[in-house]
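Peer 1: build me a model from this:
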Amino acid sequence: MTQMALIVGLCLLALAQCSPYIANQARPQVLQYEMETADMPNSYKFHYDASDGSSRTEHGAILNPGTKDSALDVAGAVRWYDDKGHLYQMTYKAGKRGYRTIIKKLS
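Peer 2: This next block holds a predicted model:
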């Protein structure tokens with residue numbers, strides 16, 4: 001397994017474990033899922049939409065591959081509804097400068 005495939009797998013596993021779950025509601029189902037891996041191990045893209053209205057989009061690439069300065073650069077966005085029906089979005093970026101997020105209430 002390549003390093004990029006392992007990273008993508010771990011990210012998807014982490015998201016699955018962090019998905020909001022309310023005991024009296026059914027777990028959301030994935031309605032649409034797209035993943036582009038043609039350029040792996042150097043880059044990837046994925047997107048999914050779930051039955052609860054949540055979604056996630058992410059793309060990542062290795063900058064300066066094959067050099068001592070190589071680094072994984074990742075950017076994405078996650079959307080979800082809270083229990084009152086408000087829509088939120090978290091955008092994130094991870095790379096040499098660390099991990100940065102912005103969370104906004106959209107509605």
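Peer 1: in what helix or strand does the residue lying closest to Gly60 once chain neighbours are set aside lie?
Peer 2: Nearest non-adjacent residue to Gly60, counting by Cβ to Cβ, 6 or more residues apart in numbering: Val74, 4.0 Å away. (Each C-beta comes from the backbone N, C-alpha and C, glycine too.) Applying DSSP states H and E as the criterion places Val74 in strand 71-81.
Peer 1: likewise Leu31?
Peer 2: In this structure, Leu31 is located in strand 30-36 according to DSSP H and E.
Peer 1: distance of the residue sitting nearest the centre point of the chain from Ser51?
Peer 2: Of all residues in the chain, the one closest to the mean position by Cα atoms, centre = their mean is Glu58, 4.7 Å from it. Per Cβ to Cβ, to the nearest Å, Glu58 is found 20 Å from Ser51.
Peer 1: let me know the next secondary structure element after the strand holding Leu31.
Peer 2: Downstream of strand 30-36, the next assigned helix or strand under DSSP H and E is strand 43-50.
Peer 1: which residues does that next one contact?
Peer 2: For strand 43-50, the surrounding residues in contact (Cβ atoms under 8 Å, 6 or more residues apart in numbering) are 4, 8, 12, 28-37, 55-62.
Peer 1: tell me the angle of that strand relative to strand 30-36?
Peer 2: Going by axes from the mean of the first three to the mean of the last three Cα atoms, to 10 degrees, strand 43-50 is angled at 170 degrees with respect to strand 30-36.
Peer 1: now strand 43-50 against strand 71-81, angle please.
Peer 2: Inter-element angle recorded for strand 43-50 and strand 71-81: 10 degrees (by the same axes, to 10 degrees).
Peer 1: what about strand 43-50, average pLDDT?
Peer 2: What strand 43-50 shows for mean pLDDT is 95.
Peer 1: any idea how far that strand is from the chain center?
Peer 2: Distance of strand 43-50 from the chain centroid (Cα atoms, centre = their mean, to the nearest Å) equals 7 Å.
Peer 1: okay, it in CSV with CA atoms only?
Peer 2: C-alpha atoms of strand 43-50 as CSV (Å, rounded to 0.1, in the frame of the first residue of the first chain):
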residue,chain,number,x,y,z
SER,A,43,-2.5,13.2,-5.6
TYR,A,44,-6.1,12.3,-5.0
LYS,A,45,-9.6,13.8,-4.8
PHE,A,46,-12.9,12.6,-3.3
HIS,A,47,-16.4,13.8,-2.5
TYR,A,48,-19.4,12.3,-0.9
ASP,A,49,-23.0,13.3,0.0
ALA,A,50,-24.9,11.6,2.8
